[in-house]
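Visitor: The sequence and its predicted three-dimensional model are supplied below.
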Amino acid sequence: RPLAGFLHSQFIRKQGNIYKPNNKEMDNDSMSGMKTMQDVHTKEIDLVNRDPKYLNDDVVKVEFEDVIAEPPGTYSFDGVWKASFTTFTVTKYWCYRLLTALVGIPLALVWGIFFAILSFIHIWAVVPCIKSYLIEIHCVSRVYSICIHTFCDPLFEAMGKCFSSVRISTTKGV
């Protein structure tokens with residue numbers, strides 16, 4: 001029997017009413033299960049390991065020894081070598097920090113928008129187009145298959161029967 005204010009009765013599942021479920025699996029109001037889903041936008045980030053998937057393992061690791069090296073027999077003064085190392089390392093460190101402070105957040109915004117648009121296009125345009133193409137190509141393939149079986153199969157079967165009695169033998173002449 002319909003409830004007050006509803007034209008149709010509420011949908012009842014085996015587990016219970018979808019608004020007030022009888023079992024704990026479907027009960028979102030009870031915290032007894034403590035199965036809370038974390039929001040991906042507010043998850044904690046690792047400030048120590050900032051490349052957990054090793055995206056830049058072989059690309060961006062540039063240290064002083066990778067850029068500047070003195071072959072045996074052409075060494076500079078030890079003080080110059082130490083000062084060069086310190087200058088390179090500190091300059092690279094602070095320039096990177098300054099650039100990320102100035103450009104990092106705007107680029108994060110740009111890349112966020114870019115990947116949002118890319119995801120939107122993929123979800124709402126690419127996948128439906130591919131599904132539509134696969135449905136349409138299935139119909140075309142059935143028509144093509146019927147045409148091949150109707151016209152080509154008898155032709156090739158007749159040609160096979162005609163040439164089945166042909167025997168070829170090769171002899172080697174000296």
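Guide: Arrived safely, thanks for sending.
Visitor: Going by C-alpha atoms from here, please, whenever you check contacts or count neighbours.
Guide: OK.
Visitor: Point to the residue nearest the middle of this structure.
Guide: Taking CA atoms, centre = their mean as the criterion, S119 is the residue nearest the geometric centre of the chain, at 10.0 Å.
Visitor: okay, K172: pLDDT?
Guide: pLDDT for K172: 87.
Visitor: typo on my end, S169
Guide: On pLDDT, S169 comes in at 86.
Visitor: burial of it, as a residue count?
Guide: By other CA atoms under 10 Å, 5 other residues sit near S169.
Visitor: likewise R97?
Guide: With other CA under 10 Å as criterion, R97 counts 13.
Visitor: Kindly report the same for T87.
Guide: If you count neighbours by other CA under 10 Å, T87 ends up with 13.
Visitor: How about F77?
Guide: Neighbours around F77, by other CA under 10 Å: 9.
Visitor: what separates K172 from V166, distance-wise?
Guide: 20 Å (CA to CA, to the nearest Å).
Visitor: can you give me the helices in the chain?
Guide: In the chain, helices defined by DSSP state H lie at 64-67, 78-99, 105-121, 127-147, 153-163, listed in chain order.
Visitor: Which positions in the second one come out as buried?
Guide: Looking back up the chat, that one is helix 78-99. By neighbour count with 16 or more other CA atoms under 10 Å, helix 78-99 contains the buried residues F85.
Visitor: cool, and the first one?
Guide: Neighbour-count burial for helix 64-67, counted by 16+ other CA under 10 Å, picks out no residue.
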